[in-house]
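>>> from the sequence below, what's the structure:
(2 chains)
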2 protein chains.
Amino acid sequence: MLSVLSDDYYMDLAIREAEKAAVEGEVPVGAVISCEGAIVAKAYNQTEKLQDSTAHAELLAVTAASAHLGSKWLPQCTLYVTLEPCIMCAGALYWARLGRVVYGASDDKRGFMQYGKELLHPSTKLEYGVRHDTCKALLQQFFALKR
Amino acid sequence: MLSVLSDDYYMDLAIREAEKAAVEGEVPVGAVISCEGAIVAKAYNQTEKLQDSTAHAELLAVTAASAHLGSKWLPQCTLYVTLEPCIMCAGALYWARLGRVVYGASDDKRGFMQYGKELLHPSTKLEYGVRHDTCKALLQQFFALKR
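You can find the predicted model right below:
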């Protein structure tokens, strides 16, 4: 049984968000933000639906969490996202001062780690590879169907 | 007299946006997006009002221009912004494939140029230093009053 507070538990919720994106024809990336055990935001990539390049799962989740908590800073929060954030999203996580960032699959092309962990706020803890295979398979299946 | 189509003209509109931010106690950064001579978006920094770290002038302007034009890509557009975009905003400008980006003052601390022009899309033209002194003075005055 999964502990309610485990990283796997929250990443599974992020994966469920990514699956919603896939159903809607969006690149399947999902995100969840937890705050002291509670979910304060869930979001998935909506760039096609909204025709807005900035509508990545992480950005939508940060905006939703900030609205929910009434704070532009989220040091007590953990963001779970199925794919390594891009530069834009890493920049957003910097400004929001996330307490912790956990991602699943890597993104060698557009991921922020090509520039290093320094793109995040110095106080942000980073973890990756959680549910890696499931997160990666979701993306691979999506792009295989597109071809 | 300023030509309606000059960079100075559009940057002056962006400066006016930045001034609105200052009046509202926000870090004074303003942005304007033009598309074939027409203004399709105007925005200013609203991170305090919205308590949302992602509410930078550039991000709000990209979202507004995309909504106006019904397109997540903005290759026919020029973004004018009073301050060098941060990493987050440069990432957004990459995804939106802006045709051209023009900024006023430099930001040695948080500006994207510390990582190079490569953060923008390869097809995006870049210019800076337009109305530099006015853009910089706005920020200096704001922070002098805060001290």
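
>>> contacts, neighbours, all on C-alpha from now
OK.

>>> for chain A, which helix is longest?
Criterion DSSP state H: the longest helix present in chain A is helix A:7-23.

>>> packing partners of it?
strand A:30-35, strand A:38-44, strand A:77-83, helix A:132-146 (3 or more Cα pairs under 8 Å, 6 or more residues apart in numbering or on different chains; DSSP states H and E).

>>> could those go into TSV alongside mean neighbour count and mean pLDDT?
As requested, those are exported to TSV (neighbours: other Cα atoms under 10 Å in any protein chain shown; pLDDT from 0 to 100):
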stretch	mean neighbour count	mean pLDDT
strand A:30-35	26	98
strand A:38-44	22	97
strand A:77-83	30	98
helix A:132-146	14	95
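
>>> okay, the ones you listed in a markdown table with distance to A:R97 next?
Listed next are the helices and strands packed on helix A:7-23 as a markdown table, based on distance: least, Cα to Cα, whole Å:
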| stretch | distance to A:R97 |
| --- | --- |
| strand A:30-35 | 13 |
| strand A:38-44 | 16 |
| strand A:77-83 | 9 |
| helix A:132-146 | 24 |
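
>>> report the central residue of chain A.
Nearest to the geometric centre of chain A sits A:V81, at 2.4 Å (Cα atoms, centre = their mean).

>>> what about it, distance to A:V130?
10 Å (Cα to Cα, to the nearest Å).

>>> touching chain B at all, stretch A:24-40?
No: judged by Cα under 8 Å from any Cα of the partner chain, stretch A:24-40 stays clear of chain B, getting no closer than 13.2 Å.

>>> using CSV, write out every CA atom in that stretch.
Coordinates of each C-alpha in stretch A:24-40 appear next as CSV, following Å, rounded to 0.1, in the frame of the first residue of the first chain:
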residue,chain,number,x,y,z
GLU,A,24,-7.4,16.0,-24.9
GLY,A,25,-4.6,15.7,-27.5
GLU,A,26,-2.1,17.7,-25.4
VAL,A,27,1.5,16.6,-24.7
PRO,A,28,1.0,14.5,-21.6
VAL,A,29,2.6,16.4,-18.7
GLY,A,30,0.9,16.7,-15.4
ALA,A,31,1.7,18.5,-12.1
VAL,A,32,0.5,18.5,-8.5
ILE,A,33,1.5,20.8,-5.7
SER,A,34,1.3,19.5,-2.1
CYS,A,35,1.5,21.7,1.0
GLU,A,36,1.9,20.0,4.4
GLY,A,37,0.2,16.9,3.1
ALA,A,38,-2.7,18.6,1.3
ILE,A,39,-3.1,18.9,-2.4
VAL,A,40,-3.3,22.7,-3.2
